[in-house]
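Can you look at this prediction? I've put the sequence above it.
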Amino acid sequence: MRVHFIAIGGSAMHNLAIAMKLKGYRVTGSDDEIFEPSLSRLKKHGLLPSYEGWNPAVITSEIDAIVLGMHARADNPELLKAKELNLKIYSYPEFLYEQSRDKTRIVVGGSHGKTTITSMIMHVLRESGYEFDYMLGAQLRGFENMVSFSESAKYAIFEGDEYLTSPIDPRPKFHVYLPNIAVISGISWDHINVFPSFDIYKEQFSKFIDCIEPGGTLIFCADDTVVSELVDDHPRTDIVRVPYSTHPFEQANGKSYLLNMEDRVPLKIFGSHNMQNVSAAKAVCRCLGVTDEQFYNHIMSFEGAAKRLQLLASSPSTSVFLDFAHSPSKAKATVEAVKQIYPERKLIACFELHTFSSLNKSFLNQYRGTLQESDLAMVYYSPQTLEMKKLPKIEPHEVVEAFGTPKPDVFTSSQELIAKLFTLDWKNANLLIMTSGNFSGVNLQHLAEAVVGLGNT
């Protein structure tokens, strides 16, 4: 089968293209710009386009399917040519569904925690000897690619993003997968550019429940009031509902332990939100036949996904963590987690406003109190990013007022922010970097190592 990827350079798209080549498909693709790490990875697998931009001449009747990425526009010339030839056109999630339609599909949705829960499930299943297909939105140790498909796997595990499917399909991605087992980890307003009110956003999760296959299972966080009420009010009677809560745990000497009967199960992750994620993963694994004993044996070695409380550098007195946190609920949970595990250390929280929602004036107040557990809060945003996203200007004092206590130091220059960091005393202190970007090109690994070095002086 020959498949052509329009906008092959995207984070998700290039991983899917690689996965399909590894499965034996003939894969081609195009894009108007491709950055690292997509560029090197596509080149490694012989999939880097030979031309830059869009060339409708490469779209012929010999192509069996087109996969359309979000980066492409609705008037993309290759897309228009494909329509003219009446070729089969799939969005990214539609193609994932086609590859898994005869498998048991597990879809993990929620405003927060979905990457980590999906990662936990994948880790435990692999260690338990299960074969499965998957799609994950982050790099995970032990998995070279973020997407994988095979003919023999009976299960397919997908991280269920609520963002739009494609430029020509406004459905949220997780509505397309039709899960046999669905997870809702929490609901907290996000993607204001697509869902202009919380009620509209919440409605997408009700529709997600509608998408569960008859006789399927819904696993949901009972600790989240919004989720619990949504599930209680939903009229479906043909699915099994499995609530979960934060797993009992304790923290001692900078480590977290799950409490399982008389046993204390040591973990490499921490934070009460991750103990909640553990319970979700455990419930899914149970549905797939993994015993509790197997689960606890294998969750001990789970180190977390990339950019999810990822430890960048550390010394006996200083640690630097990186988290993808960009929404208010993620930022709050991440700050609290680091403070809980290191209560004796000063916590400097460094947050970047980077997404469309976070840079929107009407959304800023959602961040009130999210950095409250930090000892020093720092917020960065780029005026150039505001211009690029065609959003109104934000003044630093508006950010200060929105975040509330503690009043953050606000920066619009990443160089000034780094200079400020280098003036601080890093002995017995931690730095938490929270961003879905990179502070306008900062090498965060180098920054982390420099901060830890200052803590040793």
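Yep, it's here. On a predicted model such as this, the values are computed, not experimentally measured, just so you know.

For the host helix or strand of residue 377, name the packing helices and strands.
If you go by DSSP states H and E, residue 377 is part of strand 376-381. Helices and strands touching strand 376-381, by 3 or more Cβ pairs under 8 Å, 6 or more residues apart in numbering; DSSP states H and E, are strand 346-353, helix 396-403, strand 409-411, helix 414-421. No exception for glycine: its C-beta is placed from N, CA and C like everyone else's.

pLDDT wise, what is residue 101 at?
Looking at residue 101, its pLDDT is 96.

What is the burial count for it?
11 (other Cβ atoms under 10 Å).

rewinding a little: tell me the mean pLDDT over the helix or strand just after the strand holding residue 377?
Sequence order places helix 383-388 as the next helix or strand after strand 376-381, per DSSP H and E. Mean per-residue pLDDT for helix 383-388: 94.

buried set for helix 383-388?
385, 386 (16 or more other Cβ atoms under 10 Å).

Stretch 31-46 too?
For stretch 31-46, burial by neighbour count (16+ other Cβ under 10 Å) applies to 31, 34, 38, 41, 42, 45.

could I get the residues you listed as JSON lines with distance to residue 60?
Formatted as JSON lines, the buried residues of stretch 31-46 follow (distance: Cβ to Cβ, whole Å):
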{"residue": "31", "distance to residue 60": "19"}
{"residue": "34", "distance to residue 60": "23"}
{"residue": "38", "distance to residue 60": "25"}
{"residue": "41", "distance to residue 60": "26"}
{"residue": "42", "distance to residue 60": "21"}
{"residue": "45", "distance to residue 60": "22"}
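
picking that back up, any idea of the angle the strand holding residue 377 forms with strand 346-353?
For strand 376-381 against strand 346-353, the angle by axes from the mean of the first three to the mean of the last three Cα atoms, to 10 degrees is 20 degrees.

Would you map the helices across the stretch 251-400 of the chain?
Taking DSSP state H, counting those that start in this stretch as the test, the helices found in the stretch 251-400 of the chain are 272-287, 292-299, 328-341, 383-388, 396-403.

Deepest-packed of those helices, please.
Comparing those by mean neighbour count (mean count of other Cβ atoms under 10 Å), helix 272-287 ranks first with a mean of 23.

Output that helix as PDB - backbone C-alpha positions only.
Below are the C-alpha coordinates for helix 272-287, written out as PDB (Å, rounded to 0.1, in the frame of the first residue of the first chain):
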ATOM      1  CA  SER A 272      -0.200  13.200  44.200                       C
ATOM      2  CA  HIS A 273      -1.400  13.800  40.600                       C
ATOM      3  CA  ASN A 274       0.900  10.900  39.500                       C
ATOM      4  CA  MET A 275      -0.600   8.700  42.200                       C
ATOM      5  CA  GLN A 276      -3.900   9.400  40.600                       C
ATOM      6  CA  ASN A 277      -2.400   8.500  37.200                       C
ATOM      7  CA  VAL A 278      -1.200   5.200  38.700                       C
ATOM      8  CA  SER A 279      -4.700   4.300  39.700                       C
ATOM      9  CA  ALA A 280      -6.000   5.000  36.100                       C
ATOM     10  CA  ALA A 281      -3.200   2.900  34.600                       C
ATOM     11  CA  LYS A 282      -3.800   0.100  37.000                       C
ATOM     12  CA  ALA A 283      -7.600   0.000  36.200                       C
ATOM     13  CA  VAL A 284      -6.800  -0.300  32.500                       C
ATOM     14  CA  CYS A 285      -4.200  -3.000  33.000                       C
ATOM     15  CA  ARG A 286      -6.700  -5.000  35.000                       C
ATOM     16  CA  CYS A 287      -9.200  -4.800  32.100                       C
END
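
now for it, which elements pack on it?
The helices and strands touching helix 272-287, judged by 3+ Cβ pairs under 8 Å, 6+ apart, are strand 104-109, helix 114-127, strand 181-184, strand 217-221, strand 240-244, strand 255-260, helix 292-299, helix 328-341.

and those as CSV, adding distance to residue 383?
Shown next, in CSV, are the helices and strands packed on helix 272-287 (distance: least, Cβ to Cβ, whole Å):
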stretch, distance to residue 383
strand 104-109, 34
helix 114-127, 30
strand 181-184, 37
strand 217-221, 38
strand 240-244, 43
strand 255-260, 40
helix 292-299, 44
helix 328-341, 21
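
would you turn the ones you listed into a markdown table with distance to residue 173 and mean pLDDT?
Below are the helices and strands packed on helix 272-287 laid out as a markdown table (distance: least, Cβ to Cβ, whole Å; pLDDT from 0 to 100):
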| stretch | distance to residue 173 | mean pLDDT |
| --- | --- | --- |
| strand 104-109 | 9 | 98 |
| helix 114-127 | 11 | 98 |
| strand 181-184 | 13 | 98 |
| strand 217-221 | 18 | 98 |
| strand 240-244 | 23 | 98 |
| strand 255-260 | 31 | 95 |
| helix 292-299 | 27 | 98 |
| helix 328-341 | 18 | 96 |
